[in-house]
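In: turn this into a model:
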Amino acid sequence: MRKIEVFFDYACPYCLAGHGYLKALLRKHPDIEPVWRPCEAHPHPERYGPHSDLCIRGMFFARDRGVDLWAYHERMYRLALKDRADIEDAGALTRGAADLFANPSDAEAFRAALQSGAYADELGRANDHAYEKSGVWAVPSYRMEGRKLDAIEGIGVTKRQLDDFMRGR
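Out: Numbering: from 1, shown residues only. Have a look, this model is predicted:
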């Protein structure tokens, strides 16, 4: 199985578009599996918000609990970009994602993890992997088989660019 690394931020509208493109294109490329690489486009303390760190830390929690990550991604994008929920509030994220968890105690554990700072180190490593090790400058960005496709800041990537990238062009 070939792998495509997907660098993204839930607060980025271009990442939302790229997410939709990727989901559609993977049907044409069943031999490619995504490797999710969330990263903060604007990490703290920069005051460009809203900050997506809780959404990203929540993704690590959801992954560890076996939550469908496609569903989680779509929910976080909706909360951040469509519903304009306060994604910097653990309670708001928990209310918005509670039905993704198998039982109410998992949703409460999600809230507790976000409030406690759980997965903060993993978030730091994810940001470092994106920006220091993989040369990401704007999201969404993709890495596959030694090649890279980077978004143009303020523009993103097109579905055709992503398809060509996945085809090795």
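In: from I87, how far out is D150?
Out: For D150, the distance to I87 equals 24 Å [Cβ to Cβ, to the nearest Å]. Where you see a C-beta, it was placed from the backbone N, CA and C, and this is true even at glycine.
In: those two: which is more packed in?
Out: Using other Cβ atoms under 10 Å, the more surrounded residue of D150 and I87 is I87, with 24 against 17.
In: and the closest residue to G66 other than its chain neighbours, which of the three is it?
Out: Closest residue to G66 apart from its sequence neighbours, by Cβ to Cβ, 6 or more residues apart in numbering: A102 at 8.0 Å. When classified by DSSP: H, G, I helix; E, B strand; the rest coil, A102 comes out as coil.
In: for M166, same thing?
Out: helix.
In: now stretch 96-106: buried residues?
Out: Neighbour counts over stretch 96-106 (16 or more other Cβ atoms under 10 Å) mark G96, A97, L100, F101, D106 as buried.
In: ramachandran coordinates for the residue nearest the centre of the chain?
Out: Relative to the mean C-alpha position of the chain, the nearest C-alpha, by Cα atoms, centre = their mean, is the one of P38, at 4.1 Å. Dihedral pair for P38: phi -70, psi 150, per degrees, to the nearest 10.
In: give me the element the closest residue to it other than its chain neighbours is part of.
Out: In this structure, P38 finds its nearest non-sequential neighbour in I56, 4.3 Å apart by Cβ to Cβ, 6+ apart. I56 is located in helix 53-64, with elements delineated by DSSP states H and E.
In: residue ranges for the helices of this structure, please.
Out: 13-26, 53-64, 69-77, 90-97, 104-116, 120-128, 159-167 (DSSP state H).
In: now those helices as JSON lines including mean pLDDT and distance to R2?
Out: Formatted as JSON lines, the helices of the chain follow (pLDDT from 0 to 100; distance: least, Cβ to Cβ, whole Å):
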{"stretch": "helix 13-26", "mean pLDDT": "97", "distance to R2": "11"}
{"stretch": "helix 53-64", "mean pLDDT": "97", "distance to R2": "21"}
{"stretch": "helix 69-77", "mean pLDDT": "98", "distance to R2": "18"}
{"stretch": "helix 90-97", "mean pLDDT": "97", "distance to R2": "30"}
{"stretch": "helix 104-116", "mean pLDDT": "96", "distance to R2": "32"}
{"stretch": "helix 120-128", "mean pLDDT": "96", "distance to R2": "22"}
{"stretch": "helix 159-167", "mean pLDDT": "97", "distance to R2": "9"}
